[in-house]
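Asker: Have a look at this prediction, sequence included:
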Amino acid sequence: MKANMTGPVADPGSVQHEEKTAPAGAMQRRTLLAASGTLLASPAIAAFPERPVRIIVPWSPGALLDVVTRAIAQAMSATLGQSVIVENRPGATGAVGAEAVARATPDGSTLVAANAETHAINPLLYRRLPYDAVRDFTPVCLFTRAPFALVAGPSRGFTSLQALIDAAKAKPGAVSFASWGAGSTSRLTMELLLRDRGIEMLHVPFVAQAPAITAVMGGQVDAMFLTAGGGEAAARDGKVKVLAVSSAQRIPLLPQTPTLRESGIPVEGGNWFALMGPARMPAEVARRLAEATAEAMQNPSVLEVCRVQAADPITGTPEELASFIAEDRARWAEVINALKLQLD
């Protein structure tokens with residue numbers, strides 16, 4: 001799979017600071033499903049899994065990654081013939097949950113629902129990260145990508161992206177934006193927009209998307225990038241105005257909302273989600289888990305969750321995930337270096 005899903009995208013001349021094409025579907029699913037017979041015949045995984053599989057989500061309950069992972073876990077249980085349990089371990093922009101999996105027994109019974117923060121961005125921002133994003137993990141597969149929506153709350157009555165930009169230009173630092181962490185994709189996507197437009201806004205970080213969007217809806221913070229599904233839900237309730245989406249094209253969930261590129265801003269942003277196990281997990285087990293995930297991504301209930309959340313279901317192999325993360329980390333490195341960001 002050749003995937004350029006959610007890393008930063010911007011014209012070279014405009015990026016001096018920063019989730020889309022992920023052809024994964026049919027061919028990868030056929031490859032994985034065709035391989036399943038061979039995998040099941042392998043003595044190394046003949047009895048796998050012998051006990052429940054636990055997927056650690058390093059974010060709070062209700063976050064997009066949590067919602068999609070829970071749907072996938074339920075579908076995977078039927079394929080694996082064993083319970084698949086989801087456990088939330090939020091904290092430190094995903095580092096707490098990722099570390100727990102890095103220290104787990106590498107038998108396939110403990111996985112992490114990883115994303116750009118845990119495995120592409122954190123290693124670039126934190127010198128004392130409690131895990132090595134490459135050496136401490138075994139890739140399994142990608143399963144979702146998700147674009148962002150830029151929303152504005154009632155504090156200033158912005159009805160368009162240009163209105164927000166004009167206000168920020170008129171009074172540098174007076175307009176504020178929220179994110180779910182200083183090193184989050186939410187914050188970095190906004191930084192790209194600011195750099196491209198040559199404007200300044202006040203960053204107000206929160207520990208998760210839920211309290212961040214609550215502050216925007218309540219008028220304490222002016223705007224933020226959040227998952228497109230979350231933005232659509234808040235807008236449907238009349239609590240925010242969706243100004244733009246960060247995808248390459250308009251998305252079905254928000255068909256009337258223009259992309260940033262339509263407004264002349266060469267920026268794309270979002271996130272990707274993947275399963276990973278501890279280092280030294282047997283390759284046969286990783287491939288068996290990838291095959292089970294591929295089956296889950298065809299389950300109607302999983303597809304409906306993805307549709308409602310504006311998340312694109314994707315599949316792939318462990319090898320493809322390893323290559324993708326390396327490419328994504330390199331893309332974010334350009335952004336972070338341009339921003340001169342370092343968080344410890």
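Answerer: Received the coordinates, thanks.

Asker: Next one: residue 149 from residue 223, what distance?
Answerer: In this view, residue 149 and residue 223 are 11 Å apart by C-beta to C-beta, to the nearest Å. (C-beta placed from N, C-alpha, C; glycine too.)

Asker: what kind of secondary structure is residue 141 in?
Answerer: Of the three states, residue 141 takes strand under DSSP: H, G, I helix; E, B strand; the rest coil.

Asker: ok, how many other residues are close to the nearest residue to it once chain neighbours are set aside?
Answerer: Leaving aside its chain neighbours, residue 141 sits nearest to residue 290 (4.0 Å; criterion: C-beta to C-beta, 6 or more residues apart in numbering). A count of neighbours around residue 290, defined by other C-beta atoms under 10 Å, yields 28.

Asker: Now do the same contact list for residue 290.
Answerer: For residue 290, the contact set (C-beta atoms under 8 Å, 6 or more residues apart in numbering) comprises 32, 140, 141, 275, 315, 316, 317, 318.

Asker: next one: residue 119
Answerer: Residue 119 is in contact with 98, 133, 137, 274, 276, 325, 329, counting by C-beta under 8 Å, 6+ apart.

Asker: Turn those residues into JSON lines, including pLDDT and distance to residue 183.
Answerer: What follows is these, written out as JSON lines (pLDDT from 0 to 100; distance: C-beta to C-beta, whole Å):
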{"residue": "98", "pLDDT": "98", "distance to residue 183": "13"}
{"residue": "133", "pLDDT": "98", "distance to residue 183": "13"}
{"residue": "137", "pLDDT": "99", "distance to residue 183": "18"}
{"residue": "274", "pLDDT": "99", "distance to residue 183": "18"}
{"residue": "276", "pLDDT": "99", "distance to residue 183": "19"}
{"residue": "325", "pLDDT": "97", "distance to residue 183": "16"}
{"residue": "329", "pLDDT": "96", "distance to residue 183": "13"}
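
Asker: Looking at these, which are in helices?
Answerer: The helices, defined by DSSP state H, take in 98, 325, 329 from those.

Asker: Return the member of those nearest to residue 177.
Answerer: Of all the ones in helices among the contacts of residue 119, residue 177 sits closest to residue 329, with 24.5 Å by C-beta to C-beta.

Asker: domain ranges for the chain?
Answerer: Domain assignment for the chain, taken from automatic domain parsing, gives 25-146+270-339, 152-263.

Asker: ok so, going back, and the contacts of residue 290, which two are the farthest apart?
Answerer: The most widely separated members of the contacts of residue 290, counting by C-beta to C-beta, are 32 and 275 (12.7 Å).
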